[in-house]
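> With the sequence up front, the predicted model follows.
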Amino acid sequence: MKAQYDMKSTLLIVSAILLMLFLGVRFAQAQSWEWQNPLPTGNSLAAVEFTDANKGWAVGSVGTIIHTTNGGGNWSAQSSGTANDLYGVSFVDANNGWAVGSTGTILHTINGGGNWSAQNSGTTNWLFGVAFTDANLGWAVGYQGMILHTANGGSSWSVQSSSTTYDLHGIAFTDANQGWAVGAHGVRRQHLWDSWSSSISGGYGGVSVRRARSRQRRTVGPSDCT
């Protein structure tokens, strides 16, 4: 009798253990979620760049980079190799591109984003915008007036004086000499040759453009409020 009792007790214990394991697996499956929409990501996106009507890239939070080859009809995720937020992206052709972000992050690709590699920015300041005029010449802007410049595709970066401590959020160049940076409090910075000049916009309205002839500058920035 004792042997039969022990056998029944063992079977009950084994059955209870198996039941708990089964319920645990089902509970874990119930707690498992996967992203369905929108694809390929629901992360916030901060900047976008297209090299033609079809090829484009967008960057965003936690290192998100997505790519399209059909004008945005479909997007696919690219591996950035970082979890840092990305705020700016610039491509000079279908292969060569850069992305910038938090803690001085600068990423570079030479194959359209198939692979991204980190570059040494020399700063831990947040970088919010980037612009390249060709595969060598580029600028990045960011926290407290930070402006970085490279003449070798990002192999090395050097600081340029912006003469402002306001954050700079965006930058654009028309050629190797003429460029504009914009930022907080309506700050505008214009690059001519080897220096940056500054002006303060009159308000926080829409964008206005003034073009001057000869070698005078063109300014871009928020227009006066009415």
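Received, thanks.
> C-alpha from now on. contacts and neighbour counts both.
OK.
> Can you find the helix or strand of the protein with the lowest average pLDDT?
Every helix and strand of the chain was ranked by mean pLDDT, DSSP states H and E. The lowest is strand 207-210, at a mean of 25.
> for the protein, what are the low-confidence residue spans?
For the chain, applying pLDDT under 70 flags the ranges 1-31, 36-37, 187-226.
> Give me the domain ranges for it.
The chain breaks down into these domains under automatic domain parsing: 1-33, 45-202.
> Out of the ones you listed, flag the one nearest Leu39.
Closest of these to Leu39 is domain 45-202, at 7.5 Å (criterion: CA to CA).
> Helix or strand for the residue nearest to Ala99 when sequence neighbours are not counted, just tell me which one.
In space, and not counting its chain neighbours, Ala99 is closest to Val89: 4.2 Å by CA to CA, 6 or more residues apart in numbering. Using DSSP states H and E, the element containing Val89 is strand 86-91.
> One more: Val159?
Taking DSSP H and E as the criterion, Val159 maps to strand 158-160.
> re the thing from before, just say which of the domains of the chain is most tucked in.
Comparing the domains of the chain by mean neighbour count (mean count of other CA atoms under 10 Å), domain 45-202 ranks first with a mean of 19.
> any chance of the domains of the chain in CSV, plus distance to Leu39?
Below are the domains of the chain laid out as CSV (distance: least, CA to CA, whole Å):
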stretch, distance to Leu39
domain 1-33, 15
domain 45-202, 7
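> after the strand holding Val89, next one along is what?
Proceeding N to C from strand 86-91, the next assigned helix or strand is strand 97-101, under DSSP H and E.
> neighbouring strands for that next one, and are they parallel or not?
strand 86-91 (antiparallel), strand 106-109 (antiparallel) (DSSP bridges).
> Would you reformat those as TSV and include distance to Phe173?
Output for the strands paired with strand 97-101, formatted as TSV (distance: least, CA to CA, whole Å):
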stretch	distance to Phe173
strand 86-91	11
strand 106-109	18
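> List just the one of those that sits closest to Ser158.
Between Ser158 and the strands paired with strand 97-101, the tightest spacing by CA to CA is seen for strand 106-109, at 13.1 Å.
> Give me the contact list for whichever helix or strand comes after that closest one.
Downstream of strand 106-109, the next assigned helix or strand under DSSP H and E is strand 117-119. For strand 117-119, contacts defined as CA atoms under 8 Å, 6 or more residues apart in numbering pick out Ser80, Gly81, Thr105, Ile106, Leu107, His108, Thr109, Gly154, Ser155, Ser156.
> and if we set it to 10 Å?
Contact partners of strand 117-119, identified using CA atoms under 10 Å, 6 or more residues apart in numbering, comprise 80-82, 98-100, 104-110, 153-157.
> Check stretch 41-58 too.
Applying CA under 10 Å, 6+ apart, the set of residues contacting stretch 41-58 from outside is 35-36, 59-73, 75-78, 85-95, 97, 99, 101, 112-113, 128-129.
> now the end-to-end length of it.
End-to-end distance of stretch 41-58: 11 Å, with CA to CA, to the nearest Å as the criterion.
> One more: stretch 153-167?
Across stretch 153-167, first to last residue, CA to CA, it's 24 Å.
> before we move on, what about stretch 112-130?
One end of stretch 112-130 sits 17 Å from the other (CA to CA).
> Kindly report the same for stretch 87-104.
End-to-end span of stretch 87-104 (CA to CA): 11 Å.
> give the contact list for Ala83.
Contacts of Ala83 by CA under 10 Å, 6+ apart are Ser61, Val62, Gly63, Thr64, Ser102.
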